[in-house]
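> dropping the sequence and predicted coords here.
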Amino acid sequence: MNSERLFLYRRSYFRYSRFLGHRTHRNTCIVILWTRTRRLMISRAFISRIRTPEFSQLMFDTDRLLKKLIGTADTSRTVYLTASGTAAMEATIMNCFTSEDRLLVVNGGTFGQRFAELCEIHQIPFDEIRLPYGETLSEEHFASFAGQHFTALLVNIDETSTGQLYDIQLLHDVCERCGMYLIVDAISSFLCDPYEMDRYGINVTISSSQKGACVEPGMSFVVLGERILRERVQQQRVASLYFDFKVYLKNFERGQTPFTPAIGVCQELHASLARIDRMGLQTHLDHIAAVAADFRKKSHGIAGFDSCVPIVTSTKQHGQPSHLRGKS
């Protein structure tokens, strides 16, 4: 097998409770880096100083590639955080909403619950659509909220803890009809599934380095559409030194971050995005689909797998129409 191939087992988390006979649940993720990325890590041939024109140029090009692959206009702005995906979720809530808002959260598992917990912590009123495992999100779930006013819909487009990939067209239609912002955690979906931010009216996309980009953990990024940037982020007073987006946006005018970034991860991220761009995004996604299908086929019938709750690389396709789900 060609060592340059991407061994990203999209939807390759497993809950080991019954498989290993444990009472507690443990998740594991298999994300194997590209050979060139591993060589970059081993050689540590990184830009060692961040306040330089070289680092700024690296970040400017990373931002260009990211916007291209995520499907958004140059007028969108990106915040690069040296923090986990959860931190990016929390920072988004802090920079976009207040206690005067009311949010609707799709709570279909661990990470939907995390959005709900963040709303509670920051005292932002919210309602939830709770989805039991195995239940597919549909138009009917929104019917009980008809006529009620919500500022935004918060959703993990791929609920990592269950493997359900929600129907983005459905979410777009609901938000457009109800005048809501659409806030999407795409951490385990971007660069794994088809994702077009502007096409589906997504106002904020949250993602991280360690999933579809196939690099080390340590960086998260929040892509802000022009409307929410103008109407919310620029107007918000954030009670935080580290998570105030306005400070990040100001610093990025010169290709920098306000605080020391994970320099190595920044360089790995640039190399990974450049490789996917050279390969072609559709070719990359087709490969992910082929690996996922191969994994499901080879794991079928293995003792214990069918009794596991599938996470991220679902052994059972769940949630999306088949013509899209084959791409996950």
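Thanks, I have the structure now. These numbers were taken from a predicted model, which means no experiment stands behind them.
> for the residue lying closest to Q256 once chain neighbours are set aside, what is the enclosing helix or strand?
Spatial nearest neighbour of Q256, chain neighbours left out: S56 (6.1 Å); criterion: CB to CB, 6 or more residues apart in numbering. Where you see a C-beta, it was placed from the backbone N, CA and C, and this is true even at glycine. For S56, the element it lies in under DSSP states H and E is helix 53-70.
> quick check: next helix or strand after that helix?
Using DSSP H and E, the helix or strand that follows helix 53-70 towards the C-terminus is strand 77-81.
> in the protein, which helix or strand is least confident?
helix 17-20 (a mean of 30; mean pLDDT, DSSP states H and E).
> that older thread, distance of the residue nearest to Q256 relative to F252?
9 Å (CB to CB, to the nearest Å).
> what's the answer for G71, then?
20 Å.
> next: L281.
Applying CB to CB, one obtains 24 Å for the distance of L281 from F252.
> neighbour count: these two, which is higher?
Each of L281 and F252 has its neighbours counted (other CB atoms under 10 Å); F252 has more, 19 against 16.
> now do the contacts for the more buried one.
By CB atoms under 8 Å, 6 or more residues apart in numbering, the contact list for F252 reads 59, 63, 77-80.
> how about M197?
Neighbours of M197 in contact, by CB under 8 Å, 6+ apart: 70-72, 76, 205, 223, 225.
> can you put those in TSV and add pLDDT, neighbour count and distance to D173?
Formatted as TSV, those follow (pLDDT from 0 to 100; neighbours: other CB atoms under 10 Å; distance: CB to CB, whole Å):
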residue	pLDDT	neighbour count	distance to D173
I70	98	23	21
G71	98	19	18
T72	98	22	19
S76	98	24	22
T205	98	29	18
V223	98	24	21
G225	98	21	17
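> looking at these, spot the one nearest A271.
I70 (17.4 Å; CB to CB).
> pull the contacting residues for that closest one.
Taking CB under 8 Å, 6+ apart, one finds 190, 195, 197, 205, 207, 223 in contact with I70.
> got a list of what the most centrally placed residue in the chain touches?
Residue closest to the mean C-alpha point of the chain, counted by CA atoms, centre = their mean, is I187 at 1.9 Å. Applying CB under 8 Å, 6+ apart, we find I187 in contact with 85, 111, 156, 158, 160, 206-208, 211, 220.
> among those residues, which lie within strands?
If you go by DSSP state E, those have 156, 158, 206-208, 220 in strands.
> look up how far A290 lies from the nearest residue to V238 once chain neighbours are set aside.
Once flanking residues are discounted, V238 sits nearest to D244: 4.4 Å by CB to CB, 6+ apart. When distance is defined by CB to CB, D244 is 42 Å away from A290.
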